[in-house]
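Enquirer: let me see the structure of the following:
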Amino acid sequence: MNRFLLVFMLFPLLVFAQSKTITGTINDENSSPLPGATVQLKGSDSIGAISDFDGNFSITIPTDGDQVLVVSYIGYTNQEVDVSNQTTISVQLQPDTEALEEVVVVGYGTVLKRDLTGSVASVKIEDEVSRQAATVDQLLQGRAAGVQVTQNAANPNSGVSVRIRGASSLRGNNEPLYVVDGVIISSAAEDVASVDGSGQGNTGQDPQSGLNGINPRDIERIEILKDASATAIYGSRGANGVVLITTKSGSSDEPGGKFNTFFSRTISEITKTYDMLDGVGYANYSNATRIAAGETPRYVVNGGSVFSFLSNPDGTPSNTVDTTPATLYNWQDEVYQQGVSSSFGATFSGGNDDGDFYLSAGFNDLNGLIDNSSFKTTDIRLNINYDLSDRLRVEGRFSTFFSDSDFAEGGDKIGGDQSFVQQTVSYNPVLSNGTDEESFFDDGQLSNSPSFAL
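Expert: The predicted structure is shown next:
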């Protein structure tokens with residue numbers, strides 16, 4: 001019995017002993033310490049360490065798997081070190097020359113990244129990422145430092161606000177300048193006036209996005225010019241920053257052409273709605289408030305049914321209770337629905353030593369969370385580059401975009417009851433028998449049904 005107890009007492013010690021600690025130093029190509037370098041166990045997302053000011057680090061790894069450390073630092077190539085038979089290492093990282101040779105697009109043309117003096121953020125668009133995005137703003141969200149992308153409304157075609165290094169004006173336009181293949185286009189919400197004409201409210205159609213005419217799957221890279229030196233060529237128009245969008249071209253490595261197709265489907269829904277009174281709870285609340293005000297109750301509640309009083313010929317409530325129960329609604333369940341969106345497209349590209357071409361076509365069917373909130377687009381793009389001679393080169397960009405948008409009425413900055421979002425939470429959930437669902441008089445005031453507001 002004592003032997004079994006001894007085995008159980010030693011077992012936890014054996015379990016905790018299946019790990020070891022690795023220490024070391026990380027230096028650059030000049031043997032100077034690199035503070036802030038990342039040391040991570042290969043194949044793990046949770047085991048890692050950061051080097052201190054002197055380049056020293058310490059990391060504890062398990063011994064029952066691969067014992068390979070990946071050392072990385074910005075501007076340097078990653079280095080893998082096998083620590084199966086060692087506990088102390090010294091790593092010397094080398095500069096990433098490929099990153100320094102990378103070409104960056106700026107206002108004046110292209111420069112090498114190592115020769116770049118202005119503040120430019122580059123976003124390379126991979127095919128796997130672009131196929132998941134339905135609009136250009138989705139490609140920018142969270143992918144560039146100092147760039148904030150916000151969708152102004154929930155409609156599929158609503159405008160987006162892009163802020164580069166924050167807002168530069170309190171009352172003016174803060175949108176950056178957009179340049180697609182050297183052509184300036186209108187920004188997401190540039191020069192959008194209020195629908196009411198007085199500049200006070202925004203009831204009606206939401207500002208539409210000027211970037212929706214670009215298929216995100218046709219974009220090769222995006223450069224964001226932030227500071228004055230990078231945006232100088234555009235003058236005052238680039239005061240809020242410049243977003244340079246470069247579309248794809250064919251490759252001379254594809255003489256026979258390359259054909260790609262894709263199809264994607266996404267489903268969106270509201271996971272949490274406002275906690276509102278149901279029909280029975282609203283009837284009891286209405287009766288309680290009317291009794292407290294010295295008025296006659298409006299409803300009779302019998303279990304899970306609500307009955308209202310019939311009206312006199314002059315429209316005033318009578319003392320006769322309707323024998324047919326009123327209809328109870330949860331307007332949030334009635335209005336909101338699942339939004340199913342689909343995207344389909346195809347591309348064909350190729351080239352040779354004299355030139356290249358890129359042809360694409362796409363179709364998007366985006367549906368929002370309400371019945372009449374949708375955005376359908378069809379786009380066609382053709383990019384041609386051809387060398388007529390050693391001194392003459394022809395570049396052509398042809399694009400066509402068709403859209404069909406259906407939008408829901410938005411809210412108003414100065415208040416009002418036109419927003420369907422407000423109607424879904426404030427409209428009476430009890431409709432008396434024979435009441436028109438599109439309008440209902442509540443205490444002498446006409447209130448629109450949420451379904452009518454759409």
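
Enquirer: state the distance from the spatially most central residue of the chain to Gly281.
Expert: Among the residues of the chain, the one closest to the centroid is Gln138, at 4.4 Å (Cα atoms, centre = their mean). Counting by Cβ to Cβ, to the nearest Å, the gap from Gln138 to Gly281 is 40 Å. Where you see a C-beta, it was placed from the backbone N, CA and C, and this is true even at glycine.

Enquirer: before we move on, the earlier item: what number of residues lie near the nearest residue to the residue nearest to the centre of the chain once chain neighbours are set aside?
Expert: Leaving aside its sequence neighbours, Gln138 sits nearest to Pro216 (Cβ to Cβ, 6 or more residues apart in numbering; 7.0 Å). Using other Cβ atoms under 10 Å, Pro216 has 25 other residues around it.

Enquirer: distance of Pro216 relative to Phe263?
Expert: Distance, Pro216 to Phe263, using Cβ to Cβ: 15 Å.

Enquirer: check which helix or strand the closest residue to Val300 other than its chain neighbours maps to.
Expert: The shortest distance from Val300 to any non-neighbouring residue, by Cβ to Cβ, 6+ apart, is to Phe307 (4.4 Å). Assigned by DSSP states H and E, Phe307 belongs to strand 305-311.

Enquirer: list the buried residues for that strand?
Expert: For strand 305-311, a neighbour-count test (16 or more other Cβ atoms under 10 Å) marks 306-309, 311 as buried.

Enquirer: mind giving me the packing neighbours of that strand?
Expert: Packing partners of strand 305-311 (3 or more Cβ pairs under 8 Å, 6 or more residues apart in numbering; DSSP states H and E): helix 279-292, strand 299-302, strand 317-321.

Enquirer: okay if I get those as TSV plus mean neighbour count, mean pLDDT and distance to Leu244?
Expert: Listed next are those as TSV, based on neighbours: other Cβ atoms under 10 Å; pLDDT from 0 to 100; distance: least, Cβ to Cβ, whole Å:
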stretch	mean neighbour count	mean pLDDT	distance to Leu244
helix 279-292	15	90	55
strand 299-302	16	89	63
strand 317-321	11	79	67
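
Enquirer: nearest to Glu80, out of the ones you listed?
Expert: helix 279-292 (63.4 Å; Cβ to Cβ).

Enquirer: tell me what that closest one is packed against?
Expert: Applying 3+ Cβ pairs under 8 Å, 6+ apart, one finds that helix 279-292 contacts strand 299-302, strand 305-311, strand 430-431.

Enquirer: flag the least confident of the buried residues of strand 305-311.
Expert: Among the buried residues of strand 305-311, Ser311 has the lowest pLDDT, at 76.

Enquirer: residues contacting that one?
Expert: 317-318 (Cβ atoms under 8 Å, 6 or more residues apart in numbering).

Enquirer: wait, a helix at Tyr234?
Expert: Yes: the assignment for Tyr234 by DSSP: H, G, I helix; E, B strand; the rest coil puts it in a helix.

Enquirer: select, out of the helices and strands packed on strand 305-311, the one closest to Glu334.
Expert: The stretch from these with the least distance to Glu334 (Cβ to Cβ) is helix 279-292; that distance is 12.4 Å.

Enquirer: pull the residues that contact the closest one.
Expert: Contact with helix 279-292 is made by 277, 296-299, 301, 304, 306, 326, 328-329, 428-430, as judged by Cβ under 8 Å, 6+ apart.

Enquirer: pairing partners for the helix or strand containing Phe375, with directions?
Expert: Assigned by DSSP H and E, Phe375 belongs to strand 374-387. Note on strand 374-387: by DSSP bridges, its sheet partners are strand 355-367 (antiparallel), strand 393-406 (antiparallel).
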